[in-house]
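*Asks:* sequence plus predicted model, see below.
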Amino acid sequence: MTNSYKATPEIDVLTSDFPIPGYGLVPINAFVIKGSEPVLVDTGAVVQSGEFMPALRSVIDPTDLKWIWLTHTDFDHIGSLHQLLAGNPQLRVMTTFRGVGIMSLSAPLPLDRVHLVNPGEKIKVGDRTLTAVKPPAFDNPSTTGFYDDKSEVFFSADCFGALLTAVPQNAADLSEKDLREGQILWATVDSPWLHMVETGAFARELDGIRRMKPKMILSSHLPAAAGGMTERLLGSLAAAPAAEPFVGPNQAALQQMLKR
Ligand SMILES: [Fe+2]
Ligand SMILES: [Fe+2]
């Protein structure tokens, strides 16, 4: 079930809870930024594409969208991408060369409807300027989040996600323990390379987000987190490299699950 809620007066969150058996729920979020040139950030999961479009229509007419910001090309982000492009000839996709390349292996993007934005570059979309940012943790080389100067929100892609037992609309409603443990577990599942990073180098990456001072962090896999929570989010992620590496269930565990 894909629901919506408002993170700010101009930003709607389209969200569904996706169960990961034995580990909890991961929210899968897309975002609608309203303004003179409305932006859809990601397009839901492939397996949920049937429910994504009605949820999107409940917050905006998809033909009013001017842009899709594709944070990356994973299956939980591209679900309704081509349907949206087919239904709205003015719609363009902001992504990277890597994003175009990965998409070309399954569902190529029409190149005349692509706008490439590399980390550090800015793009003006109507009444706001978006600055592309490579988040400190990611699971796909095309990953590009962004900072929106109008709302002062950082859209962090998979970074700062969490596995949770229940998904509120506000990350502040999570207990300290649930947020920290959920974030660390997600980081070890989604970015296992974090265990190999040099701590000082990773701390400098996290400092980049600290200096940004976002009023809110909108992760693809966490409820909306207002600015007062940034230090907590950064603290959990800083602990991830030294956390226990995630090892998935083995074949014996799978056979046990199948017996139930
Ligand atoms: Fe991802
Ligand atoms: Fe994701």
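*Replies:* Perfect, thanks for sending it. Numbers count the residues shown, from 1 in each chain. Ligands and ions are numbered 1, 2, ... in the order given.

*Asks:* what secondary structure does the residue nearest the centre of the chain sit in?
*Replies:* Nearest residue to the geometric centre of the chain (C-alpha atoms, centre = their mean): residue 220, 2.4 Å. Three-state call for residue 220 (DSSP: H, G, I helix; E, B strand; the rest coil): coil.

*Asks:* hang on, it packs against residue 143?
*Replies:* No: using C-beta atoms under 8 Å as the test, residue 220 is too far from residue 143 to be in contact (9.8 Å). To be clear about C-beta, it is placed using only N, CA and C from the backbone, and glycine gets the same treatment.

*Asks:* get me the contact residues on the stretch 101-250 of the chain for ligand 2.
*Replies:* Within the stretch 101-250 of the chain, the positions near ligand 2 by C-beta under 5 Å from the ion are 158, 220.

*Asks:* low-confidence stretches in the stretch 101-250 of the chain?
*Replies:* Nowhere does the stretch 101-250 of the chain drop to pLDDT under 70.

*Asks:* the closest residue to ligand 2 within the stretch 1-150 of the chain: neighbouring residues, count only.
*Replies:* Using C-beta to the ion, the closest approach of the stretch 1-150 of the chain to ligand 2 is made by residue 76 at 4.4 Å. Neighbours of residue 76 under the rule other C-beta atoms under 10 Å: 22.

*Asks:* cool, and residue 89?
*Replies:* Applying other C-beta under 10 Å, I find that residue 89 has 8 neighbouring residues.

*Asks:* what secondary structure does it sit in?
*Replies:* From three-state DSSP, the assignment for residue 89 is coil.

*Asks:* got it, and residue 71?
*Replies:* Applying three-state DSSP: residue 71 is coil.

*Asks:* quick check: closest non-adjacent residue to it.
*Replies:* Distances taken as C-beta to C-beta, 6 or more residues apart in numbering place residue 157 nearest to residue 71, at 3.8 Å, with adjacent residues excluded.
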